[in-house]
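*Asks:* Return a 3D structure for these sequence lines:
(chains A and B, ligands or ions: 2)
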Amino acid sequence: MSNFYRLIQNENMKIVRRPRTWAMVGVLIFALLLLTAILKIDQNPNIQNNNWKQHLTETNQRLQQQIDENSADASPDMKLKLEGEINKNLYYMEHNVNPYEVTIWSVVNGSSSLMVLITLLTVIVAADMLAAEYSWGTIKLLLVGPASRTKILLSKYISTLLFTLFLLVLNFVVSFALGGILEGFGEISRPALTIGAGGAVEEGSMLVAILQNYGFKTIELIMYVTMSFMISATFRSSSMAIAFSLLFMLIGNTLVNILSKFEWVKYLLFANVNLSQYANGTPVRPDMTMLFSVCVLLVYFVVFHLISWVVFTKRDVAG
Amino acid sequence: MKNADAVLQLRNVTKKIGKRTIVDQVSFDVPAGEVFGFLGPNGAGKTTTIRMIVGLIAMTAGEIYVKGISVNKQFERAMTHIGAIVENPEMYKFLTGYQNLVYFARRHTGVTTERINEVVKLVGLQNRIHEKVKRYSLGMRQRLGVAQALLHRPSVLILDEPTNGLDPAGIRELRDYLRTLARQEGIAVIVSSHLLSEMELMCDRIAIIQAGNLIDVRSMNDLKNRVAHRIIVEVEEPEPTKEVLTAMLPDIAMAVQAGQLEITAGRDRIPELTRALVQAEIDVYGIRTANQSLEDRFLELTRGEQIV
Ligand SMILES: Nc1ncnc2c1ncn2[C@@H]1O[C@H](COP(=O)(O)OP(=O)(O)OP(=O)(O)O)[C@@H](O)[C@H]1O
Ligand SMILES: [Mg+2]
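*Replies:* Ligands and ions are numbered 1, 2, ... in the order given. Below you'll find the predicted structure:
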């Protein structure tokens, strides 16, 4: 009888020993370098170390003007938001923190925008997880062993998630190192500023804020990876798995926006994958809550696994 | 129904796909230490039967036991005793031969590095084992497949057309090796093939399968002894002679081939035949016998059937 840990080890070996995997890692690191370079080049040349306070003061004056002019018809929400911005800028000046400066945190924060790339790469790996065994013909020897199909399927899924985790950690660590090397680690204690309920500025940990951002995007990523894995297990076609997952990922948002006037939209996967819509943004439909989305995602997650499992364990492997 | 001596038992194993019955109630036992041949023309159902034994496809009906363990009910336990190659042994091409073996070894408990090296030597791959499998020839992959199947010292070794792609020396080596495995380690070896000549040298018993039906299981010796003789009788007019003789000896098969009367019967029927010919006052110019080969016997058993 097979040891489950060693089944996972075997699946990892097949990922690690494939040259393609290292090409993916290369692409990710290249993208991080590019991102850092763009951040540096993109620094506003008009804002120098000596005039940023002046710049902020001007911005605040403009914001205040906006509030005064529109005070009659502006919604209280809008007003609160603008006031929050003003408070934030005042905080910067008081604490002598230049918000336009590129720091280690701007690089790390920017790296979270590479989650789309990481999702793409892991979706490709997930798509190949079963389909490739069929196309290589190795599925026969994989299944003719002292491990049940359930265990094999699970070991493959876990191995996919481990690879995902590896890319996430790599992305974070490399961006941290790049940011630190290029911008220095001096600004590491800089807080993350958020605007609280009454428009007051609240200090938070930058690390927590970034990890929260990573977390929301990781949930989205896991949903697409699971979907890709399911299509791979069900239809034995990696191109189909990649095509569908990416299609949903790319058009999902637009589709949801177009259809948002229909009530049933809230049951669609893409309307729920982005949980950050509750933390910093407005939900697709006003009647949706975080809890609702989590439940919908869980249902999709279970259904994807159920389909993979039923099809994979019952299938006759011939030809 | 369980037979204590048999390490592999098939009981009424049936596979239906749609309305077609591909394997129909096949039953046989293979005891430890036997090389068992599975013989049949293309499309007979050999591979399908083997796929059911190793659990790649589900049986429609029937039971398979490996060392008394049901493949249906206790798949994982049953599979610890099986080593197999199903059709071409496809390996991971981006791994070396050795890495492939490490991979397959991990699935079993207790396969040591020494055992891997021992098996590598056994299949004669020691010089190329650290090369990527994508650079292997078909025969080398076949050898790696055999190595993979032997790693965990299985009690039942199943090889679907193992000689496919091997050179004559390789075939001979494999044959000798399989016989040794069966004799010395008591492994039951099941080999499928459509070449009887190959089986003749390797197997103790063969099962002949045709269109999904098991039509004959017998020992190689038995098969050789029971071979009928072809008796050729030289006469002037074979057709009328055949009719006269058939009337006198209705249980003997006769045919006219190439202007000669051919009779298929055991050697012990020849005197009877001669007496009948004399009685019927037929001029006989000669009677001779020709040994029927095993190949003919096989063709005879599966005669006239189209590939299904
Ligand atoms: N998935 C399938 N669907 C329908 N029919 C199938 C399927 N797989 C096999 N068959 C049919 O089952 C029969 C037996 O096939 P099988 O592969 O077992 O033959 P075989 O004895 O191994 O032949 P060969 O000597 O050519 O390898 C064939 O007629 C084949 O067409
Ligand atoms: Mg076959």
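*Asks:* Pull the contacting residues for A:Gln212.
*Replies:* A:Ala279 (C-beta atoms under 8 Å, 6 or more residues apart in numbering or on different chains). C-beta coordinates here come from the backbone N, C-alpha and C atoms, glycine included.
*Asks:* Surely it is within a strand?
*Replies:* No - going by DSSP: H, G, I helix; E, B strand; the rest coil, the assignment for A:Gln212 is helix, not a strand.
*Asks:* Per-residue pLDDT of it, please?
*Replies:* Among the per-residue scores, A:Gln212 holds a pLDDT of 87.
*Asks:* got the residues of chain A near chain B?
*Replies:* Proximity of chain A to chain B, by C-beta under 8 Å from any C-beta of the partner chain, involves residues A:1-3, A:6-7, A:9-10, A:13-14, A:17-19, A:136-138, A:140-141, A:143-148, A:314, A:316-318.
*Asks:* repeat that with 10 Å
*Replies:* With C-beta under 10 Å from any C-beta of the partner chain as the criterion, chain A comes near chain B at residues A:1-3, A:5-7, A:9-11, A:13-14, A:17-20, A:132-133, A:135-149, A:151-152, A:314-319.
*Asks:* which SSE is B:Tyr285 in?
*Replies:* Using DSSP states H and E, B:Tyr285 sits in strand B:284-291.
*Asks:* ok, now how distant is A:Gln65 from A:Glu58?
*Replies:* Separation of A:Gln65 from A:Glu58 (C-beta to C-beta, to the nearest Å): 11 Å.
*Asks:* wait, does the helix or strand B:Met52 falls within contact chain A?
*Replies:* Per DSSP H and E, B:Met52 falls inside helix B:46-53. Yes - counting by C-beta under 10 Å from any C-beta, chain A is contacted by helix B:46-53 at B:Thr47, B:Thr48, B:Ile50, B:Arg51, B:Met52, B:Ile53.
*Asks:* isn't the fourth one right up against B:Ile17?
*Replies:* No - using C-beta atoms under 10 Å as the test, B:Arg51 is too far from B:Ile17 to be in contact (11.8 Å).
*Asks:* Between the two, which contacts overlap?
*Replies:* Common neighbours of B:Arg51 and B:Ile17 (criterion: C-beta atoms under 10 Å, 6 or more residues apart in numbering or on different chains): A:Asp316, A:Ala318, B:Val23, B:Ile57.
*Asks:* Report the contact partners of the residue in chain B positioned nearest to chain A.
*Replies:* Nearest residue of chain B to chain A (C-beta to the nearest C-beta) works out as B:Glu90 at 3.2 Å. Counting by C-beta under 10 Å, 6+ apart, B:Glu90 touches A:Glu133, A:Ser135, A:Trp136, A:Gly137, A:Thr138, A:Ile139, A:Lys140, A:Leu141, A:Leu142, B:Val133, B:Arg141, B:Gly145.
*Asks:* Tell me the secondary structure at it.
*Replies:* Under three-state DSSP, B:Glu90 comes out as coil.
*Asks:* Next one: B:Lys132 relative to B:Ile116, how far apart?
*Replies:* Taken as C-beta to C-beta, the span from B:Lys132 to B:Ile116 is 17 Å.
*Asks:* what does the strand holding B:Tyr285 contact?
*Replies:* Contacts for strand B:284-291 (C-beta under 10 Å, 6+ apart): B:227-236, B:241, B:260-263, B:265, B:267, B:270, B:273-274, B:277-278, B:296.
*Asks:* circling back to that earlier point, which members of the shared contacts of B:Arg51 and B:Ile17 occur in helices, if any?
*Replies:* Nothing among these maps onto helices, per DSSP state H.
*Asks:* Flag whichever of those residues scores worst on pLDDT.
*Replies:* Lowest pLDDT among the shared contacts of B:Arg51 and B:Ile17: A:Ala318, 81.
*Asks:* How many residues are close by the closest residue in space to it that isn't next to it in sequence?
*Replies:* In this structure, A:Ala318 finds its nearest non-sequential neighbour in B:Ile57, 5.9 Å apart by C-beta to C-beta, 6 or more residues apart in numbering or on different chains. For B:Ile57, the neighbour count with other C-beta atoms under 10 Å in any protein chain shown is 21.
*Asks:* What segments of the chain are helices?
*Replies:* Since no chain was named, I'll use chain A. With DSSP H as the criterion, chain A has helices spanning A:4-16, A:19-41, A:52-69, A:76-94, A:104-111, A:115-136, A:139-143, A:149-183, A:206-235, A:238-259, A:269-272, A:276-279, A:290-314.
*Asks:* that's the wrong chain, I meant chain B
*Replies:* Counting by DSSP H, the helices of chain B are B:46-53, B:75-79, B:97-106, B:113-122, B:138-150, B:168-185, B:196-202, B:220-225, B:238-248, B:270-279, B:294-301.
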